[in-house]
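Participant: Generate a structure from the sequence data that follows.
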Amino acid sequence: KVVGGCPILFGRDAELEALKESYHRSITSECEVAQIFGPSGIGKSALCDKFAEYATARSDDGGATGCIYLSGRFDRLQQSQPFHA
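Facilitator: Predicted coordinates for the structure are as follows:
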């Protein structure tokens, strides 16, 4: 569900919190890797979008504390390639 251009995330509070904790550990200590996987339709993209919103946010005083968030998708069947047979 989308309200005002922002997706509403249902039932993913624990997963979102785990991503936030991993993000903060990556800033204060060492490298962190988070893997998000599961069957289609369970909200992986919505979870990523909500986390990106959090991670790229600026501080209240206008400082540039947000990160750059890159995202991609893998087309297993490569159907978006021109001339794919």
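Participant: now Leu47, what's its secondary structure?
Facilitator: helix (DSSP: H, G, I helix; E, B strand; the rest coil).
Participant: Tell me where this structure has helices.
Facilitator: 13-28, 44-55 (DSSP state H).
Participant: Could you list every helix and strand in contact with the longest one?
Facilitator: Going back to what we said before, that points to helix 13-28. helix 44-55 (3 or more CB pairs under 8 Å, 6 or more residues apart in numbering; DSSP states H and E). Where you see a C-beta, it was placed from the backbone N, CA and C, and this is true even at glycine.
Participant: so where's this structure shaky on pLDDT?
Facilitator: Within the chain, the segments meeting pLDDT under 70 span 1-8, 58-66, 74-76, 78-85.
Participant: and Ile68, how many residues sit next to it?
Facilitator: The tally of other residues near Ile68 (other CB atoms under 10 Å) stands at 6.
Participant: wait, isn't it in contact with Thr56?
Facilitator: Yes - counting by CB atoms under 8 Å, Ile68 touches Thr56, with 7.3 Å between them.
Participant: most tightly surrounded among the helices of the chain?
Facilitator: Among the helices of the chain, helix 44-55 has the highest mean neighbour count (mean count of other CB atoms under 10 Å), at a mean of 16.
Participant: Next one: the nearest residue to Ala18 once chain neighbours are set aside from Leu77, what distance?
Facilitator: Nearest residue to Ala18 in three dimensions, chain neighbours excluded: Ala34, at 7.5 Å (CB to CB, 6 or more residues apart in numbering). Distance, Ala34 to Leu77, by CB to CB, to the nearest Å: 26 Å.
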